[in-house]
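Enquirer: Compute the structure for the input listed below.
(chains A and B)
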Amino acid sequence: MKILICLSNVPDTTTKIKFTGDGKNFDAAGVQWIINPWDELALTRALELKETSGTTIEKVTVISVGKADVEPTLRKALAIGADDAVRVDTDARDAYQVAAEIADFVKSQPYEIILCGIESSDYNGSTVGGMVAEFLDCPSVSSVSGLNLEAGQVKISREIDGGQEILETSLPVVAVVQKGIAKEPRIPSMRGIMMARTKPLTVKTAAMPEELTEFTYFENPPSHAKCKMIDAENIGELVEVMKNNLKII
Amino acid sequence: MSILAFTENWDGRFKKVSYELVSYAHQLAVQMNTKAIAVSIGNVSDEELKKLGHYGASKIVKVEDSRINGLINKAYAAIIGQVAEKEGCNVVVFSHNFTGKALAPRVAVRLKAGMASGVNALPDSLEPFVVKKGVFTGKAIGHITIKSPKKILTLFPNSVETKEADENAVIEAFTPQLSDAHFATRVVDVKKVTDKILLTDAEVVVSGGRGMKGADKWGPLEELANVLGAATACSRPVSDEGWRSHTEHVGQTGKIIAPNVYIALGISGAIQHLGGVSAAKHIIAINTDKDAPIFEAAEYGIIGDVHQLLPVLVEKVKEAKKH
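Expert: Residues are numbered from 1 along each chain as shown, chains lettered A, B, ... in the order given. Purely as a prediction, here's the structure:
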């Protein structure tokens, strides 16, 4: 079995978000780029499975759609432990185009398990995973918090209202994973960083599907009203607010 | 040309989020000079379906199939896509929740529709079709243009006003074309935890931070959650310490939530934490430190020790519930 993890290259989560040209473009000056946190958890789980499942998982591949500037992020994934990396050589313009590029790659080199993070921390789409599945006409499971192999069978768990569901599925499957899939992302070891330099990073020519959306401009969110402070001695006032203003009692 | 809304049900009942979506579809239909249609999958009584008319659905398409057991993305997406095509709907809207996030991208590919997810308002303009959504986890707002003739939107919860409208909705049954391949995913086991509410879709979330002071001190917080029918959550230091399961961790590297009300207890409000909860409509914070950044994000705040205040709060909430 082979696992493919779709990686999004995103600004570090502490980045101060700025825009240029009257809010038309994200200002990337001085930005530190990282693997999207949920994609990193997906990678961690894939590596755990590879290590614990004997020979069932043959290979863990990471893929990203982007120009050469996403390569440091792919190299980091290789340093963490992915076996190889693929970069689809075009800008990531929207979810539809990115998903179509990834699906095009999977059609040429089949993978049984395709993992995506629940959303990217930049444009918060929560979109690519489901789109890849539909392009491949294969099953998808969303909000996945557990991925296991039992006697060669993939078992997926997800949290639902009132508990947890365990699912079985035909392969290939796209699992869109969230926090819970792995406990903590792995940090690359010095040996991993050395080895990453010699692992294959393939550059794939883009299929160039069209994009269907584009961001026209950005703005700052409206500022919050000042917090209304309630005296700790007068907690009944908070209960009044909960009942009358917020209507949650 | 009409608008299609996928209205989710829970054991045959609709929730506030379903009505909010139908109302949004209706308001959008008015803006586009067309009608809103709702599609419902699973066993829902006609009486319950009719309620969607009160929020503006002019027609309700109901789909029942005995093979449907749990949310099977591929089958649901095929059904919604087929209904959209049959009804000639160019815009399909979903809630930006567990189910909507699972289905909308699949339907977008089926219809070759550009998708804007987590939108929080009606479109800025129709020609071109521009709509706004939060980006960078609440740190900015992006205005996104959908260029394709067909469009998919997922609506952020609690972002638009739910308005009543008086449509005498007609109900129509629809039989989709589905093969066994659509049901290749099967729910094989369900582990029920009776009082557990899905954190990512919860209306109210009660969350604790380092100020909770230990793994064994969560009784009053859980009781408050229980009384309010809320989900429980925690900040990163709490899950790192192992006081609570990491599945409860909300924040920029944990779960992203958008409840109506977020109650932060003993949480200082680091930027990474706020990234995960800033989409909450209302935030209530209790913290001993008056300079804690959580008070910058909160709407209502109390300076004080959660361990002293929580038992009092629980009692007063219980009392208020009686009246």
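
Enquirer: which residues touch residue 23?
Expert: In the absence of a named chain, this looks at chain A. Contact partners of A:G23, counting by Cβ atoms under 8 Å, 6 or more residues apart in numbering or on different chains, are A:217-219. The C-beta positions use only the backbone N, C-alpha and C, and glycine is treated the same way.

Enquirer: wait, I meant chain B there
Expert: B:55-56, B:160-165.

Enquirer: Helix, strand, or coil at it?
Expert: Secondary structure for B:S23, judged by DSSP: H, G, I helix; E, B strand; the rest coil, is helix.

Enquirer: Same check on A:S157?
Expert: Here A:S157 is strand, with the state taken from three-state DSSP.

Enquirer: coming back round to it: now list the buried members of the contacts of A:G23.
Expert: A:217-218 (16 or more other Cβ atoms under 10 Å in any protein chain shown).

Enquirer: now, which of the contacts of A:G23 lie within helices?
Expert: Among the contacts of A:G23, the subset assigned to helices under DSSP state H is empty.

Enquirer: near chain B, from the contacts of A:G23?
Expert: By Cβ under 8 Å from any Cβ of the partner chain, the members of the contacts of A:G23 lying near chain B are A:217-219.

Enquirer: Am I right that A:F218 is in contact with B:I144?
Expert: No - taking contacts as Cβ atoms under 8 Å, A:F218 lies outside contact range of B:I144: 10.0 Å.

Enquirer: Would you map out the domains in chain B?
Expert: Domains of chain B are assigned by automatic domain parsing as B:3-183, B:199-322.

Enquirer: How far away from the center of its chain is the last one?
Expert: The reference is to domain B:199-322. 19 Å (Cα atoms, centre = their mean, to the nearest Å).

Enquirer: Show the low-confidence segments of chain A, by residue range.
Expert: Applying pLDDT under 70 to chain A flags no residue at all.

Enquirer: Ok, the stretch 151-300 of chain B next?
Expert: Checking the stretch 151-300 of chain B against pLDDT under 70 turns up B:194.

Enquirer: Run through the helices of it in chain order.
Expert: Listed in chain order, the helices of the stretch 151-300 of chain B (DSSP state H, counting those that start in this stretch) span B:219-228, B:236-241, B:271-277, B:294-297.

Enquirer: one step back: out of the contacts of A:G23, which sit inside strands?
Expert: A:217-219 (DSSP state E).

Enquirer: that older thread, the helices of the stretch 151-300 of chain B: which one's closest to chain A?
Expert: helix B:294-297 (4.8 Å; Cβ to the nearest Cβ).

Enquirer: measure A:T202 to A:D122 for me?
Expert: 25 Å (Cβ to Cβ, to the nearest Å).

Enquirer: Same question for B:S235.
Expert: Taken as Cβ to Cβ, the span from B:S235 to A:D122 is 23 Å.

Enquirer: Settle it for me: which of those two has more neighbours?
Expert: B:S235 (31 against 22; other Cβ atoms under 10 Å in any protein chain shown).

Enquirer: Let me know whether that one touches B:H249 as I believe.
Expert: Yes - contact status for B:S235 versus B:H249: in contact at 7.3 Å, counting by Cβ under 8 Å.

Enquirer: re the thing from before, what is the nearest of the ones next to chain B among the contacts of A:G23 to A:D84?
Expert: A:D84 lies nearest to A:F218 out of those, by Cβ to Cβ, at 35.3 Å.

Enquirer: For stretch A:98-108, buried residues please.
Expert: Within stretch A:98-108, judged by 16+ other Cβ under 10 Å, the buried ones are A:98-106.

Enquirer: contacts for that stretch?
Expert: A:4, A:6, A:63, A:65, A:86, A:88, A:90, A:92, A:114, A:127-128, A:131-132, A:135-136, A:172, A:204, A:206-207, A:209, B:105, B:109.

Enquirer: What ranges does chain A have for its helices?
Expert: With DSSP H as the criterion, chain A has helices at A:37-52, A:71-80, A:95-108, A:128-136, A:190-196, A:235-240.

Enquirer: Just name the most buried of these.
Expert: For the helices of chain A, the largest average neighbour count (mean count of other Cβ atoms under 10 Å in any protein chain shown) is found in helix A:128-136, namely a mean of 27.

Enquirer: quick one: that one to chain centroid distance?
Expert: 14 Å.

Enquirer: What is the burial count for residue 232?
Expert: Went with chain A since none was named. When neighbours are defined as other Cβ under 10 Å, A:A232 has 16 of them.

Enquirer: other chain: chain B
Expert: For B:T232, the neighbour count with other Cβ under 10 Å is 22.

Enquirer: what bridges to it?
Expert: Residues in a beta bridge with B:T232, per DSSP bridges, are B:V206.

Enquirer: if I pick it, what's in contact with it?
Expert: Counting by Cβ under 8 Å, 6+ apart, B:T232 touches B:199, B:205-208, B:218, B:221-222, B:225, B:244, B:248.

Enquirer: Those residues into a markdown table, with extra columns for distance to A:D39 and neighbour count?
Expert: Output for these, formatted as a markdown table (distance: Cβ to Cβ, whole Å; neighbours: other Cβ atoms under 10 Å in any protein chain shown):
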| residue | distance to A:D39 | neighbour count |
| --- | --- | --- |
| B:L199 | 21 | 23 |
| B:V205 | 25 | 28 |
| B:V206 | 30 | 26 |
| B:S207 | 25 | 34 |
| B:G208 | 28 | 29 |
| B:W218 | 31 | 19 |
| B:L221 | 32 | 25 |
| B:E222 | 32 | 15 |
| B:A225 | 31 | 24 |
| B:R244 | 24 | 20 |
| B:E248 | 21 | 22 |
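
Enquirer: which one of these sits closest to A:K76?
Expert: B:E248 (28.0 Å).

Enquirer: re earlier: quick one, which of the helices of chain A gets closest to B:V83.
Expert: Per Cβ to Cβ, nearest to B:V83 of the helices of chain A: helix A:128-136, 16.1 Å.

Enquirer: how about that closest one, does it reach chain B?
Expert: Yes - legend: contact between helix A:128-136 and chain B by Cβ under 8 Å from any Cβ is shown at A:128-131, A:133-135.

Enquirer: Find the centremost residue of chain B, please.
Expert: B:N97 (3.7 Å; Cα atoms, centre = their mean).

Enquirer: Need the nearest residue in space to it, chain neighbours excluded.
Expert: Residue nearest to B:N97 in three dimensions, not counting chain neighbours: B:D201, with 4.8 Å by Cβ to Cβ, 6 or more residues apart in numbering or on different chains.

Enquirer: repeat for A:G152
Expert: The nearest residue in space to A:G152 (Cβ to Cβ, 6+ apart) is A:T56, at 6.2 Å.

Enquirer: Next up, the contacts around that neighbour.
Expert: Contacts of A:T56 (Cβ under 8 Å, 6+ apart): A:1, A:49, A:149, A:152.

Enquirer: Most neighbours among these, which one?
Expert: In terms of neighbours by other Cβ under 10 Å, the contacts of A:T56 top out with A:L49 at 20 neighbours.

Enquirer: Was I right to think that one contacts A:T55?
Expert: No - judged on Cβ under 8 Å, A:L49 makes no contact with A:T55 at a distance of 12.0 Å.

Enquirer: Kindly provide the distance from the closest residue to A:P188 other than its chain neighbours to A:P72.
Expert: Leaving aside its chain neighbours, A:P188 sits nearest to A:A79 (3.5 Å; criterion: Cβ to Cβ, 6+ apart). Using Cβ to Cβ, one gets 10 Å for the distance from A:A79 to A:P72.
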